[in-house]
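K.L.:
What would the 3D arrangement of this be:
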Amino acid sequence: MEEEAQEEAPRAPRHRRRRRRRRRHRRRRSANLIQTGLCWCEDISTFYALADNNDTLTAHGQCLPSTTPGAYYTKPGQKDATNPKNDKAWACWNAQTIGRTDADAKAHGYEGACKFKDYDSKATRGDAKDCIKYLSHHPKVCSPGPMAFWGACWTNTSTNWDCIPLGDSTIDGLAKGDCKARVVLETGTSTPTKHFFDGLCHFAPEKVIKYKCDTIPKYDKSKGGTCGQTVDTSTDKACFSLSGDGWQCYKPEQNMTSLCDWTTWSGSTDEDPFYTGECLFDRNPGYKNAIAWKPSTAAPEQVVV
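P.N.:
Below you'll find the predicted structure:
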């Protein structure tokens with residue numbers, strides 16, 4: 001009796017086969033990193049690298065975590081062969097790199113091999129949290145805020161954050177972990193600290209709440225420093241501060257060029273760098289719709305929309 005011919009199963013479409021191959025490749029690659037027992041690159045001291053740029057000291061992370069599966073790393077004290085002022089660069093892998101073991105690293109003159117925590121991260125810019133979660137006030141260095149900057153690389157060690165412009169091409173990589181390869185600078189200088197940034201945050205869009213100026217606690221109608229309307233008869237709005245005088249007064253024909261709570265004032269400090277908010281005087285047509293200042297409803301002066 002003849003064997004019945006076995007019917008051949010139809011093949012999946014080519015694009016599906018390609019996707020399956022890519023998934024298998026990613027699984028094998030991840031399994032290889034796990035099986036090798038490699039340490040995290042970010043935990044190795046030489047991930048922090050110093051460089052001399054025309055007699056200016058700079059610092060950086062050795063590789064970008066978003067695009068680098070791992071690297072061959074150096075040992076402390078190793079310097080660049082052509083410029084002994086610079087730390088020796090790591091050999092950063094790409095997706096096609098083979099030979100991802102300590103033995104391979106040593107064969108190429110490095111101390112060992114490591115893998116990056118964030119290479120397989122699925123984080124996107126949409127996962128970045130509001131920057132206000134990491135600092136009780138807006139960072140002074142990022143003025144005028146969301147009018148110019150998408151967000152910032154943040155750190156708990158300093159208020160000197162790394163501000164990221166709107167439309168910047170690095171945002172997606174920063175969201176995956178590249179902020180952790182950027183070094184925090186000393187405030188007001190280009191001198192690198194010993195710290196990396198902790199992550200990426202986003203400056204959320206804001207809706208301005210307009211207050212009645214004559215209800216603000218620091219307002220004095222006889223003081224020019226608070227745009228007092230008995231001595232200042234030409235202005236109809238202001239950026240105000242709860243910390244003192246030095247309000248910024250505006251005439252009816254003048255427009256505010258930035259949000260008040262992103263505008264620095266004359267008495268500003270790193271802890272209190274910006275005006276509290278915007279207020280209107282009774283000669284302003286919008287005064288009747290403005291809100292009276294009440295301590296219980298005063299903060300935040302601008303709310304996320």
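K.L.:
Would you map the helices across the stretch 51-200 of the chain?
P.N.:
102-107, 171-176 (DSSP state H, counting those that start in this stretch).
K.L.:
packing partners for the first one?
P.N.:
Pointing back at helix 102-107 there. Applying 3 or more C-beta pairs under 8 Å, 6 or more residues apart in numbering; DSSP states H and E, we find helix 102-107 packed against strand 70-73, strand 112-115. Placement of C-beta: from N, CA and C, glycine included.
K.L.:
Now do the first one, average pLDDT.
P.N.:
Model confidence over strand 70-73, given as mean pLDDT, is 98.
K.L.:
same check, this time on stretch 247-255
P.N.:
95.
K.L.:
related to what we said a few turns ago, please identify the deepest-packed of the helices of the stretch 51-200 of the chain.
P.N.:
Burial of the helices of the stretch 51-200 of the chain is given as mean neighbour count (mean count of other C-beta atoms under 10 Å); helix 171-176 ranks first at a mean of 21.
K.L.:
send the alpha carbons of that helix over as CSV?
P.N.:
Once non-C-alpha atoms are left out, helix 171-176 reads as follows in CSV (Å, rounded to 0.1, in the frame of the first residue of the first chain):
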residue,chain,number,x,y,z
ILE,A,171,15.5,62.9,23.1
ASP,A,172,14.6,59.3,22.2
GLY,A,173,18.1,58.0,23.2
LEU,A,174,18.1,60.1,26.4
ALA,A,175,14.8,58.5,27.3
LYS,A,176,16.3,55.1,27.0
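K.L.:
Run the chain-centre distance for that helix.
P.N.:
9 Å (C-alpha atoms, centre = their mean, to the nearest Å).
K.L.:
Can you pull out the low-pLDDT segments for the stretch 1-150 of the chain?
P.N.:
Along the stretch 1-150 of the chain, segments meeting pLDDT under 70 span 1-36.
K.L.:
And the strands in it, which stretches?
P.N.:
39-40, 48-53, 56-61, 70-73, 91-92, 112-115, 129-130, 149-154 (DSSP state E, counting those that start in this stretch).
K.L.:
that older thread, reformat the helices of the stretch 51-200 of the chain as JSON lines; add distance to residue 94.
P.N.:
As requested, the helices of the stretch 51-200 of the chain are exported to JSON lines (distance: least, C-beta to C-beta, whole Å):
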{"stretch": "helix 102-107", "distance to residue 94": "15"}
{"stretch": "helix 171-176", "distance to residue 94": "14"}
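K.L.:
Which of these sits closest to residue 79?
P.N.:
The minimum distance between residue 79 and the helices of the stretch 51-200 of the chain falls on helix 102-107, with 17.9 Å, by C-beta to C-beta.
K.L.:
TSV please, covering the helices and strands packed on helix 102-107 and showing distance to residue 192.
P.N.:
Listed next are the helices and strands packed on helix 102-107 as TSV, based on distance: least, C-beta to C-beta, whole Å:
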stretch	distance to residue 192
strand 70-73	20
strand 112-115	22
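K.L.:
which one of those is the most hemmed in?
P.N.:
Mean neighbours per residue, mean count of other C-beta under 10 Å, is largest over those for strand 70-73, with a mean of 25.
K.L.:
Paired strands for it, with orientation please.
P.N.:
Partners of strand 70-73 in the sheet, by DSSP bridges, are strand 91-92 (antiparallel), strand 112-115 (antiparallel).
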